[in-house]
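S.K.: Give me coordinates for this.
(one chain, ligands or ions: 1)
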Amino acid sequence: MRRDAAGGSCCQFPRVVQFDLKATMVLNPVISKLAGKLVVLASASPRRLEILRSAGLRFEVVPSWFKETLDKGLFKAPHEYAVETAKQKALEVARRMPFKHLKTPDIVIGADTIVTVDGMILEKPVDKHDAYRMLSSLSGKEHSVFTGVAIVLCHEKENEEVDYQLVDFYEETKVKFADLSEDMLWEYINSGEPMDKAGGYGIQALGGMLVDTSTLPSCSDNLPISVPTQPPSSSQALPSHNSSVRRPSSPCDIQRLHTQITPTASPALKVKREDSESESSQTLVNSTSKHTDNRKVKLHDNATLPSITRRGQVTEPTRGDLERICELMDGFKASKALFTASKLCLFDLLHSRPGLDAAQVAQEIKASAKGTECLLEACVSLGLLKSIEKACQKPVYENADLATDFLRSDAPCSLHGYLQHCNETMWPLFSHLESAVQEGTSQREKAFSKQMLQETSSSSREGKLRFMKAMHNIAKITGKTIATAFDLSTYKSACDLGGCTGALAYEFAEAHPGLSVTVFDLPAVVELNEFFHPQHPDNRVSFVAGDFLKDELPKADLYILARILHDLPDEKVHILLSKIADACTAGCGLLLSEIFLDEDRRGPSRGLLQALSMSEGKQRSATEYSLLLKSHGFITAHIRHTDNLLDAMLCIKA
Ligand SMILES: C[S@@+](CC[C@H](N)C(=O)[O-])C[C@H]1O[C@@H](n2cnc3c(N)ncnc32)[C@H](O)[C@@H]1O
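M.R.: Reported below is the predicted structural model:
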């Protein structure tokens with residue numbers, strides 16, 4: 001999304017855009033490495049939240065409890081104080097989370113901002129008079145805004161102790177205030193804005209009016225998460241609660257963070273690092289240059305975007321914002337193009353016969369020449385196909401890697417069946433979303449005619465097979481990650497309740513040589529499982545037909561519940577969990593796999609969008625699942641957030 005914007009020079013865009021570019025350019029290469037990592041921001045500051053969000057980072061917010069009370073006299077330079085406070089904030093959260101939140105973060109980011117003038121450090125004012133004292137000391141003067149940042153990398157060891165490795169840096173922005181009249185000072189103080197801001201002002205909001213605009217820095221976000229512009233103040237590892245400590249050896253910066261997150265960096269990553277290094281130096285120039293740039297963002301030479309009002313301020317939409325909103329508006333067209341190409345077996349055709357032109361494809365899939373050409377071109381634009389131009393000839397088409405890996409029907413990680421399920425079942429359901437939201441109920445009756453309902457429901461063999469294929473696809477992709485998420489060596493027998501085609505059960509059997517797995521599912525599903533057997537089925541996997549809400553559950557010392565609870569209404573959840581609890585003796589395990597919502601329920605979108613289908617169930621966060629299972633006597637031992645479609649949690653019967 002931000003790719004195009006990053007191509008432009010920061011100086012061509014207004015401040016908001018410059019920030020977006022700056023953070024995005026530098027964080028982009030890092031962000032892909034952070035997929036599946038639990039990143040935590042140890043600050044409740046809305047500004048910091050916005051900064052990291054607009055850089056595309058997915059993270060949770062756990063505000064630090066560390067009080068900003070360090071003795072300023074102990075620090076030689078003001079930035080050292082800001083960095084040390086940031087460090088203590090991040091460490092406090094990193095140490096608290098395994099106990100209070102029952103999960104160990106991978107990365108915790110802490111930050112602290114101070115203002116310094118005439119050798120004095122100004123933090124947040126305690127009252128209006130303190131704000132007046134601070135602001136009048138800044139009147140007509142140039143001063144420095146320092147933000148210290150600490151990034152704590154948490155490494156969980158086998159004995160469940162945690163190593164903390166620390167990267168810290170800071171950024172300084174010089175700001176000059178205009179000569180402020182008493183009236184202006186008090187008007188600003190009475191607005192209430194100064195009270196939660198270092199130095200008593202916020203440059204991004206009303207406080208901007210205090211600044212001598214002839215000297216306003218071009219990028220006032222003072223965002224050192226992007227690049228350190230000074231040598232590191234310190235790059236030490238602090239003692240962890242188990243006093244196992246590592247010390248980063250070279251100067252700290254985002255590039256080093258790359259290395260630490262991805263120890264075996266690929267050549268591609270290396271290139272990106274060099275890119276971001278060169279962008280870093282540009283950012284340095286921009287963040288210290290002093291000019292205001294009020295030019296509007298232009299999409300085309302003559303097309304200036306209209307002003308919009310955001311949080312009470314008149315501002316311009318950024319190019320990234322516009323791309324994002326277009327992507328959302330057109331998302332349904334892209335989905336339907338994908339479903340259609342998949343249904344017409346376009347990707348299978350181009351896998352077996354790459355290099356066909358549009359007319360040849362049209363003939364093969366028995367579709368119109370014009371429609372086929374449009375579909376092929378749309379798929380190229382979506383990165384699903386490649387078009388190859390030869391001199392004086394019509395373009396020919398072949399699958400892009402994405403299609404080869406996921407879209408042909410015989411790929412090991414094929415999503416072909418899942419796409420058909422989306423097209424035939426989810427699409428009609430979501431076309432009734434408005435009523436679903438108004439009524440809060442499933443729209444199955446409205447979305448499907450009686451006949452279609454029978455076909456899509458579990459009573460029809462075709463509908464059942466389609467559903468099973470869809471489940472099978474997802475289980476094949478995520479199965480290994482779930483099966484290997486925890487050490488299960490103490491368990492000998494497992495029962496996968498609602499285990500469908502057995503795809504997950506076979507992954508568990510393969511990953512754990514000492515484990516036998518029984519797949520327990522409804523009779524109508526079990527009788528179709530032969531269509532999905534692997535080429536060489538493991539005889540430690542067996543199938544038992546039954547109803548997990550009514551029948552006795554097969555005996556096992558580990559029960560698996562994958563994608564079951566989110567779909568059941570509360571009363572059925574409790575019946576099922578009670579039955580499992582009754583079947584378990586102390587020490588038995590329950591492995592749950594679902595999409596875990598972020599604790600603040602702001603993501604991931606996949607989980608929140610799924611909830612819109614208004615099934616009888618609900619989506620939950622890891623903590624909500626933990627508490628639910630606890631109410632049935634299961635204590636959460638481990639939680640894994642994965643970047644592979646589903647997350648997992650291992651609980652033990654107390
Ligand atoms: C969403 S699918 C999940 C399949 C599988 N666990 C996975 O993650 O791939 C739900 C499964 O639960 C099964 N199921 C639903 N109600 C059931 C019941 N009362 N007893 C046994 N199985 C049931 C369905 O047949 C289906 O296979």
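
S.K.: what's around the closest residue to the ligand within the stretch 1-150 of the chain, how many residues?
M.R.: As assessed by Cβ to the nearest ligand atom, the ligand sits closest to Gly36 within the stretch 1-150 of the chain, at 18.7 Å. C-betas here are computed from N, CA, C, even on glycine. The burial count assigned to Gly36 is 14, neighbours taken as other Cβ atoms under 10 Å.

S.K.: List the residues that contact it.
M.R.: His641, Thr642, Asp643, Asn644 (Cβ atoms under 8 Å, 6 or more residues apart in numbering).

S.K.: Could you check which helix or strand contains the closest residue to the second one other than its chain neighbours?
M.R.: What that stands for is Thr642. In space, and not counting its chain neighbours, Thr642 is closest to Thr481: 5.0 Å by Cβ to Cβ, 6 or more residues apart in numbering. Assessed by DSSP states H and E, Thr481 sits inside helix 461-483.

S.K.: Could you pull out the buried residues of that helix?
M.R.: For helix 461-483, a neighbour-count test (16 or more other Cβ atoms under 10 Å) marks 463-479, 481-483 as buried.

S.K.: Please name the residues that touch the residue of the chain found nearest the ligand.
M.R.: Residue nearest to the ligand within the chain: Gly498 (2.7 Å; Cβ to the nearest ligand atom). Counting by Cβ under 8 Å, 6+ apart, Gly498 touches Phe520, Asp521, Phe548, Leu561, Ala562, Arg563, Ile564.

S.K.: Among these, which are located in strands?
M.R.: With DSSP state E as the criterion, strands contain Phe520, Asp521, Leu561, Ala562 from among the contacts of Gly498.

S.K.: Number of residues surrounding the second one?
M.R.: Same thing as Asp521. Asp521: 24 surrounding residues under other Cβ under 10 Å.

S.K.: My guess is it contacts Ala545. True?
M.R.: Yes - at 7.0 Å, Asp521 and Ala545 qualify as touching, with contact defined as Cβ atoms under 8 Å.

S.K.: near the ligand, which residues of the stretch 551-654 of the chain show up?
M.R.: Counting by Cβ under 6 Å from any ligand atom, the positions of the stretch 551-654 of the chain adjacent to the ligand are Ala562, Arg563, Ile564, Asp567.

S.K.: thinking the last one is in contact with Ser613, fair?
M.R.: So the one you mean is Asp567. No - using Cβ under 8 Å, Asp567 makes no contact with Ser613, being 9.6 Å away.

S.K.: how close does Leu356 sit to Ala581?
M.R.: 58 Å (Cβ to Cβ, to the nearest Å).

S.K.: How about Tyr188?
M.R.: In this view, Tyr188 and Ala581 are 60 Å apart by Cβ to Cβ.

S.K.: residue ranges with poor pLDDT in the stretch 251-400 of the chain?
M.R.: For the stretch 251-400 of the chain, the stretches flagged by pLDDT under 70 are 251-317.

S.K.: what do you get if the cut-off is 50, keeping everything else the same?
M.R.: Scanning the stretch 251-400 of the chain for pLDDT under 50 picks out 251-312.

S.K.: now the chain
M.R.: In the chain (pLDDT under 50), the answer is 1-24, 217-312.

S.K.: helices or strands up against the longest helix belonging to it?
M.R.: For the chain, the helix with the greatest residue count under DSSP state H is helix 319-343. Under the contact criterion of 3 or more Cβ pairs under 8 Å, 6 or more residues apart in numbering; DSSP states H and E, helix 319-343 touches helix 3-6, helix 15-33, helix 369-381, helix 416-421, helix 427-430.

S.K.: ok, and what's touching the next helix or strand after that helix?
M.R.: Once the chain leaves helix 319-343, the next helix or strand it forms, by DSSP H and E, is helix 346-352. Contact with helix 346-352 is made by 341, 356, 361, 364-365, 375-376, 379, 384-385, 397-399, 403-404, 407-410, 416, as judged by Cβ under 8 Å, 6+ apart.

S.K.: likewise stretch 366-384?
M.R.: Contacts of stretch 366-384 (Cβ under 8 Å, 6+ apart): 334, 337-338, 340-341, 344, 346-347, 358-359, 361-362, 365, 385-387, 397, 399-400, 402-403, 407.

S.K.: Give me the buried entries from these.
M.R.: Buried among the contacts of stretch 366-384 (16+ other Cβ under 10 Å): 337-338, 340-341, 344, 346-347, 358, 361-362, 365, 385-387, 397, 399-400, 403, 407.

S.K.: re earlier: quick one, the very next helix or strand once past the helix holding Thr481 and helix 461-483 angle?
M.R.: As assigned by DSSP H and E, the chain's next helix or strand after helix 461-483 is strand 493-497. Strand 493-497 and helix 461-483 meet at an angle of 140 degrees, taking axes from the mean of the first three to the mean of the last three Cα atoms, to 10 degrees as the criterion.

S.K.: if we can go back for a sec, and the longest helix of the chain, which residues are buried?
M.R.: By neighbour count on 16+ other Cβ under 10 Å, the buried set for helix 319-343 is Arg319, Gly320, Asp321, Ser335, Ala337, Leu338, Phe339, Thr340, Ala341, Ser342.

S.K.: swap in stretch 56-63?
M.R.: Buried residues in stretch 56-63 (16+ other Cβ under 10 Å): Gly56, Leu57, Arg58, Phe59, Glu60, Val61, Val62.

S.K.: Quick one: the helices in the stretch 51-200 of the chain, in order.
M.R.: Secondary structure of the stretch 51-200 of the chain (DSSP state H, counting those that start in this stretch): helices located at 78-100, 128-138, 182-190.

S.K.: Tell me which of the ones you listed sits most buried.
M.R.: helix 78-100 (a mean of 22; mean count of other Cβ atoms under 10 Å).

S.K.: Which neighbouring elements make contact with it?
M.R.: strand 39-41, strand 107-117, strand 142-156, strand 162-176.

S.K.: Quick check: neighbours of the third one in the sheet, parallel or antiparallel?
M.R.: Paired with strand 142-156 in the same sheet, following DSSP bridges, are strand 107-117 (antiparallel), strand 162-176 (antiparallel).
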